[in-house]
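Novice: Below are the sequence and a predicted model for it; my questions follow.
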Amino acid sequence: MIPIRDENPAHRRSWMTWLIVATCGYVFFWLQPSQGNEAIEFTYRHATIPCELVTGEALSISEINADTCDDRPADPVFPNKSLLGSVVASLFMHGSIGHLLGNLWVLLIFGNNVEDRMGHLGFAGFYLIGGILASGAHVIANPGSTIPVVGASGAIAAVMGSYLVLFPTARVVSLVPPFIFWPFRVPAVVFLLIWFAGQFALAGQESLIAWEAHAGGFVVGMAYTALRRRSLSHRW
């Protein structure tokens, strides 16, 4: 299902959600090269790569060429790369305009209400930690991967998991192409659980989608919010 909007108005401005949207747009349009060797170099220099986090060293040219993780000593291509910094940087990088717009649209639908409950700074911390832990889930599932991972999807999945706990009965206006082309309303719990289950349909397939990060982020968001649900409801 493709979400169009939710029928769950927020009670205050979602400044942090919009700041995240603006940051992702700035990185994509102004910092990331759009194509060619420059784009590839930028991605390997700044993105999360599971092999690097597992071995503690940036990739060597032989690892990149062979697409194989090797823990033997070798000169890294980018010796000054911050491996931990790359985990955060990846949350604001995207692979294509479609990837960017799809992620940010979902963030705008679900992020404003979660920010409404958590507060601006609380939401910012939750978003970053959720994204980092989501990336960790992908690294654990693919420790030998040398493929760069970019995108805000894991952090946004954490926001979606939090939304499920906080607003399970809110209505989400959706489409289901190519079967249903007119908007219809479903409870958030239905929409989000279908989305979550759909991530596992990618398991075992040759796909560039880091579904483990999506699933991991969603679970992290649900767990964190469930533990704090009473205090968040009281605060609101």
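Specialist: That came through fine.

Novice: does residue 173 sit in a helix, a strand or a coil?
Specialist: With DSSP: H, G, I helix; E, B strand; the rest coil as the basis, residue 173 sits in strand.

Novice: how far does the least confident helix or strand in the chain by mean pLDDT sit from the chain's center?
Specialist: Between all helices and strands in the chain, the lowest mean by mean pLDDT, DSSP states H and E belongs to helix 229-235, at a mean of 75. Helix 229-235 sits 25 Å away from the centroid of its parent chain (Cα atoms, centre = their mean, to the nearest Å).

Novice: Assign a three-state SS to the closest residue to residue 161 other than its chain neighbours, would you?
Specialist: With Cβ to Cβ, 6 or more residues apart in numbering as the criterion, residue 161 has its nearest non-adjacent residue at 2.8 Å, and that residue is residue 221. (Glycine included, C-beta is placed from N, CA and C.) Put simply, residue 221 is helix when judged by three-state DSSP.

Novice: what does the average pLDDT come to for the helix or strand hosting residue 159?
Specialist: According to DSSP states H and E, residue 159 maps onto helix 153-166. Summarised as a single mean, pLDDT over helix 153-166 is 97.

Novice: Give the buried residues for it.
Specialist: By 16 or more other Cβ atoms under 10 Å, the buried positions in helix 153-166 come out as 153-166.

Novice: likewise stretch 109-129?
Specialist: 109-119, 122-124, 126-128.

Novice: and residue 8, what is it in contact with?
Specialist: Neighbouring residues of residue 8 by Cβ atoms under 8 Å, 6 or more residues apart in numbering: 113, 167, 170-171, 188.

Novice: now for those residues, which pair is the farthest apart?
Specialist: 113 and 171 (12.2 Å; Cβ to Cβ).

Novice: thinking residue 110 is in contact with residue 6, fair?
Specialist: Yes. Between residue 110 and residue 6 there is a contact at 7.1 Å, judged by Cβ atoms under 8 Å.
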